[in-house]
Structures are given as C-alpha cells and as structure tokens.
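Undergrad: next one to model:
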Amino acid sequence: MKLDNRLILVLVAAIGIYAIFLFMSDFNIISEKISNFKIYYLPLILLLVTVSWIPLIIRWQFLLKTSEIYIPFTKSILVYLSGSALQITPGQIGELIKAQILKTGFNIPRTKTAPVVLVEKVYDLIGAIIASIIGIIILELEIYLIIFAIFVLALIFFFIYYKPAFEFFLKQIIKMKFFSKYTENILESYEIIKKITTPQIAIRSISLSITYWFIVSIAVYYTLLAFDIDILNYLKVLSIFTTSTILGAITFIPGGIGVTEGSIAGFFTLEGINMSTALVLSVMIRIVTLWYNVSIGFIALKFSSGFSFQQKT
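TA: Reported below is the predicted structural model:
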C-alpha cells in the first residue's frame, strides 16, 4: 500500500469520526450553530493560522543553518510547508518526508536532515507543554496538572541530553518498519542532534514554538467567537487547545483524530458549553488548525516535487 492510499484511509476515518460526533449530537443545535456561524471571522482565523507558521519557519531555517545545511530560502519554506501534508500521520512522524525531499532535491543525506525534523517535533511538544503550563498557572487550576507537565518536560530533556537513554529510545522506534528507513541513520547522527539541542539553541527554538502556540490559539479563540461563544477567555482556550493537542499526539493515532477533538469537546463541556455545541466547535477548530495546514502542505508538496518518490510499506 502506498503512502497516498494510507492518507486516503486517514481522511475517510476522520470523516467517519466526525460523522459519529455529529450523530451523537442534537441535530437542531448543530444546524443552529452552523447557520449562525459568522463567516466574516473566517478570513481572520485563517490569516492567524497562516501567521502562526512564521515562527516555525524561522525555527526550521535556524536549525538547518545550525546543522550547516544551506538551501535557498524560498525552497526551504516549500520544503517546510510540504511536511504539513503529513501532519495526519501517527505523531506527525510523516513530516520526515522533508528529509526525503532534501535528499532527492538537494542531495543532502537523511543522516543530517532527519534529526532536524525529529528535534523540531520535540520542540513543538515542549512549546505546547510550556504554553499549557502558563495557562494553568494564570488560571490557577489544580497544582497536580503543573506537576505532571513539569515531569513530562523533565523526561523529554532527560532523553535528549542523556545519550544512552536517547539511543535506547531510538532503538525502540527503529523496530517499527515505517521509521527504519530514517532512524537507522539517526543513531549515527547524535552529534547533529547534540548541536541543535544545546541550551542556547533550545531556548531560541522553544521560544519560537511557544510563539506559535500563542498565535494559533488566538485563531481558536476567534473560532469560538464566530459561533457566539464568549464565556471562555483567551488563556483558558490556550490551555484547553494545547492540552488537547498533546493528548492527541501522545496516543500516536494518525493526526490525533478523534482523541484531540474529543478532548477539546470534553474540556468545553466542563466549562459549561453544551455537548452538541462543543462537538461542533471541536470539529471546526480542527478544520482550521489541522486540515487547513494539511491542504496547504499538499500544495507545497506538489510544488516541491515531493511526489517524485513513493513510499511503500
């Protein structure tokens, strides 16, 4: 089965899950909410999502430069955006396609580029956790949530900076066939990973990651306003969105589909939003923050000649 067939299956599964969500909801409420959606908010929402990519592109370019990988800036942007097409893979690990594009298009070994892509995802996760912690602290939520988040952060840094633990982790994921094409070389690339995870580089990269989460959460906040939901402040939306995204990512379900939407809806209901309305909101939020990215990613993938190769199982 080829990669594009897998993506079709993921898309079909997503449609099925969303259909189940809507089936479980009150049709009258869904119809009312959709019809009352303030469409004039949509350009602003999509603009904010697009702007949120800027710090991530800056981080991508920064990590490439630190790794002594040099390609034209416009093509670098295309390569970065191409990875968004595969955000619907388990843990977004499909973004390793960027390493393949750099190999086929610029003859840059995956040994150098795959570590950059993987470290990017680690910085994304760290940024999400820190953004979530900020929201939790400001909102004065339960202290155990902060303790758990700090524990996860400590665990991540342990695996990054303690070489035996890092190599043990990679050896485990190498056993999975999908990863073997890329990760077998990463064991030889520890020096590259070490170079792009120094404290100075990490602080800059994590700061850019946090900036992304703050901007995209503004888009989520305006999505709620477009549905006339104004009972949640921005910081609460930030905390709910980042936490739900993390929960979806750690399940390793493709795109976190179902889990992320369910988590968002669950948190919204705890804040007093009707379940049917919460499910509609969660689906719309994922359309603008995930599926919009995926669509742009496929366009960029086409322009970057990313379809010049095929991945087989």
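
Undergrad: what's the burial count for D228?
TA: Look at D228: counted by other CB atoms under 10 Å, it has 11 neighbours. Yep, even glycine has a C-beta here, placed from its N, CA and C like the rest.

Undergrad: and what of the one 5 residues further on?
TA: One way to gauge burial is a neighbour count; for N233, by other CB under 10 Å, it gives 12.

Undergrad: what score does it have for pLDDT?
TA: For N233, the pLDDT comes out at 90.

Undergrad: least trustworthy helix or strand in this structure by mean pLDDT?
TA: Of all the helices and strands that make up the chain, helix 177-186 has the lowest average by mean pLDDT, DSSP states H and E, namely a mean of 54.

Undergrad: next SSE after it?
TA: Per DSSP states H and E, the first helix or strand lying C-terminal to helix 177-186 is helix 190-195.

Undergrad: tell me what that following helix is packed against?
TA: Helices and strands touching helix 190-195, as assessed by 3 or more CB pairs under 8 Å, 6 or more residues apart in numbering; DSSP states H and E, comprise helix 110-138, helix 163-174.

Undergrad: again, only this time at 7 Å
TA: Judged by 3 or more CB pairs under 7 Å, 6 or more residues apart in numbering; DSSP states H and E, helix 190-195 is in contact with helix 110-138.

Undergrad: and the helix it packs on, what's its mean pLDDT?
TA: This predicted structure assigns helix 110-138 an average pLDDT of 85.

Undergrad: then stretch 254-265?
TA: 85.

Undergrad: what lies in contact with it?
TA: Around stretch 254-265, the neighbours that count as contacts under CB atoms under 7 Å, 6 or more residues apart in numbering are 10, 13-14, 17, 21, 87-90, 240-241, 244-245, 247-249, 251, 253, 275, 278-279, 282-283, 285-286, 290.

Undergrad: run the last query once more with 6 Å
TA: Contacting residues not belonging to stretch 254-265 are listed as 10, 14, 17, 88-90, 244-245, 247-249, 251, 253, 278-279, 282, 286 [CB atoms under 6 Å, 6 or more residues apart in numbering].

Undergrad: next one: stretch 35-46
TA: 219, 222-223, 226-227, 288.

Undergrad: which of those residues are buried, as a PyMOL select command?
TA: Only the buried members of the contacts of stretch 35-46 end up in this PyMOL selection, burial being decided by 16 or more other CB atoms under 10 Å:
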select buried, resi 219+222+223+226+227+288
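
Undergrad: from the contacts of stretch 35-46, which two are the most distant?
TA: A219 and F227 (13.4 Å; CB to CB).

Undergrad: could you say which helix or strand holds Y222?
TA: helix 199-226.

Undergrad: just the angle between that helix and helix 110-138, please?
TA: 60 degrees (axes from the mean of the first three to the mean of the last three CA atoms, to 10 degrees).

Undergrad: what's the first helix or strand after helix 199-226?
TA: Next along the chain after helix 199-226, taking DSSP H and E as the criterion, comes helix 234-250.

Undergrad: identify each buried residue in that following helix, please.
TA: In helix 234-250, counting by 16+ other CB under 10 Å, buried: 235-249.

Undergrad: how many degrees apart are it and helix 110-138 in direction?
TA: For helix 234-250 against helix 110-138, the angle between stretch directions is 140 degrees (the same axes, to 10 degrees).

Undergrad: who touches helix 234-250?
TA: By CB under 6 Å, 6+ apart, helix 234-250 touches 91, 128, 131-132, 135-136, 138-139, 213, 217, 220-221, 256, 259-260, 263-264, 267.

Undergrad: same deal with stretch 64-72?
TA: Stretch 64-72 is touched from outside by 106, 108, 116, 192, 196, 201, with contacts defined as CB under 6 Å, 6+ apart.

Undergrad: are any of the residues you listed buried, and which?
TA: Of these, these count as buried by 16+ other CB under 10 Å: 108, 116, 192, 196, 201.

Undergrad: dump those residues to a markdown table, plus distance to S76.
TA: Converted to a markdown table, those look like this (distance: CB to CB, whole Å):
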| residue | distance to S76 |
| --- | --- |
| I108 | 11 |
| V116 | 11 |
| I192 | 17 |
| I196 | 15 |
| I201 | 18 |
